[in-house]
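# okay, sequence plus prediction incoming.
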Amino acid sequence: MRNTGAESLYVIAVLLVLFSASDGVAALEVKCDSFTPGQIWKDNNGVHINAHGGGILIYEDIYYWFGQHMAEGRAGNKAHVGVHCYSSADLYNWKDEGIVLEVSNDAESDIVKGCVLERPKVIYNEKTNKFVMWFHLELKGKGYSAARSGVAVSNTVTGPYTFVRSFRPNAGCWPVNVREEQKKPVETEKVKEKKFSGGPDATLKDYNVLGRDFEGGQMARDMTLFVDDDGKAYHIYASEENGTMHISLLSEDYLEPAGKYLRVFEGRWMEAPAVCKRNGKYYLIASGCTGWAPNAARSAVADSMWGPWKELGNPCVGQGSDKTFGGQSTYILKVAGKRDAYIVLFDIWRPKNAIDGRYMWLPLQFTGEGIEIKYLQEWDLSCFE
Ligand code: DGJ
């Protein structure tokens, strides 16, 4: 008995040494080789990945995942830390690259701790060699009324990113498909007094919200970025009190709107846009407008970013598809080096304890003109072969 006890102690001591030595940790590190939607997804340190509402940039054969860092509790939905980045060569295993854009301690800063900083996306500009980040920003203490776009920039992919400015895009510009009546002077009092909740409101059509925001810039909440094969980049955002989306061309350096934009899905109340291109067609996936609660996804197709966009309905099929299997879209990733391999990234929000939010990555299937997404409990990239 005494011998067995000593042996056990010896084994425990050896294991402890192995765990505490960095080589030992590496040797015992559990590698992932599949996606398990909705489960805890651990990074190289064994910590649940904290990059919500995120997007992915492929740079020099490495995937970089950028997303909002959420904290504990309900207050954790606000930005107390910043934008978190992870890197991976295989999409399953992610290394923590740290906080690449920190929120500020300066009360005067637009990105002061406690602001709302959501859905960050990073794109690389080949002409300027800069990494450019855009995000949805709400000023601290102002709810969701600011509806601004934030821009940050870095010379290196993993930052640190320097905050440039925040603004409402396309001030003083009419969209390419503006209607003549929208250009008429707005009934300022009527439209200014009207309070919108951010969710569907049948009276929206009675107010010229586009005209109201012409001078100061258009509202920009949920957003994504998309870079086309010709290097042109687009900012796609929920605008006009969330009722209508805008597709807005970015300047050559990607730092500001180029002044050309399109209104799409008028009065459809869509959020969470994500865009991809396949065989010359552009596909958009989005959600309805129900806060953090899941709803049925939307999709659309077009031959050009400038439309016309044709809605295709809910791309999700099977049990749970009426609520997007509990998720909300944030990005569509084209897997490097594989033909027709696209992954839709969804968030499963946990607004009561934001840090516990989960990810649901699912393969996108193309069916004739349409697209389809099925829920899978576990899957891997071999499904694209
Ligand atoms: C839905 C949006 O898609 C999220 O990014 C977030 O802004 C929540 N609304 C807040 O309620």
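Thanks, I have the structure now. Numbers count the residues shown, from 1 in each chain.
# all helices in the stretch 201-350 of the chain, in order from the N-terminus.
Per DSSP state H, counting those that start in this stretch, the stretch 201-350 of the chain carries helices over the ranges 209-212.
# up against the ligand, what does it have?
222, 271-272, 291-292, 328 (Cβ under 6 Å from any ligand atom). To be clear about C-beta, it is placed using only N, CA and C from the backbone, and glycine gets the same treatment.
# again, only this time at 5 Å
222, 271-272, 291-292 (Cβ under 5 Å from any ligand atom).
# now, of those residues, which are buried?
222, 271-272 (16 or more other Cβ atoms under 10 Å).
# so what's the gap between stretch 108-121 and the chain middle?
Mean-position distance between stretch 108-121 and its chain equals 14 Å (Cα atoms, centre = their mean, to the nearest Å).
# can you check stretch 42-58 too?
For stretch 42-58, the distance to the chain centre is 12 Å (Cα atoms, centre = their mean).
# check which residues of that stretch are buried.
43-44, 49-57.
# just give me the closest of the residues you listed to residue 143.
residue 53 (17.7 Å; Cβ to Cβ).
# leaving out sequence neighbours, find the closest residue to that closest one.
Closest residue in space to residue 53, ignoring its immediate chain neighbours: residue 119 at 4.0 Å, by Cβ to Cβ, 6 or more residues apart in numbering.
# pretty sure that neighbour contacts residue 51?
No - using Cβ atoms under 8 Å, residue 119 makes no contact with residue 51, being 11.1 Å away.
# can you pull the residues that touch both of these two?
residue 68 (Cβ atoms under 8 Å, 6 or more residues apart in numbering).
# still on that earlier bit, the buried residues of stretch 42-58: which two are farthest apart?
Going by Cβ to Cβ, the pair spanning those furthest: 44 and 53, at 21.8 Å.
# quick one: name the residues of the stretch 51-200 of the chain near the ligand.
By Cβ under 5 Å from any ligand atom, the residues of the stretch 51-200 of the chain that approach the ligand are residue 118.
# for residue 194, what are phi and psi?
Main-chain torsions, residue 194, degrees, to the nearest 10: phi -70, psi 130.
# before we move on, back to that, residues contacting the residue nearest to residue 53?
Counted by Cβ under 8 Å, 6+ apart, residue 119 has contacts 53-55, 68, 135-136, 222-224, 272, 330.
# and for residue 173?
Contact partners of residue 173, counting by Cβ under 8 Å, 6+ apart, are 257, 259-261.
# out of the residues you listed, who's the most crowded?
residue 261 (26 neighbours; other Cβ atoms under 10 Å).
# quick check: that residue touching residue 245?
No - the criterion here is Cβ under 8 Å, and residue 261 misses it with residue 245 at 10.1 Å.
# quick one: low-confidence parts of the stretch 1-150 of the chain?
In the predicted model, the stretch 1-150 of the chain carries pLDDT under 70 at residues 1-29.
# before we move on, what about the stretch 251-385 of the chain?
In the stretch 251-385 of the chain, no residues with pLDDT under 70.
# for it, which segments are assigned as strands?
Counting by DSSP state E, counting those that start in this stretch, the stretch 251-385 of the chain has strands at residues 257-264, 271-278, 281-287, 298-302, 310-311, 316-317, 328-334, 342-348, 358-367, 370-374.
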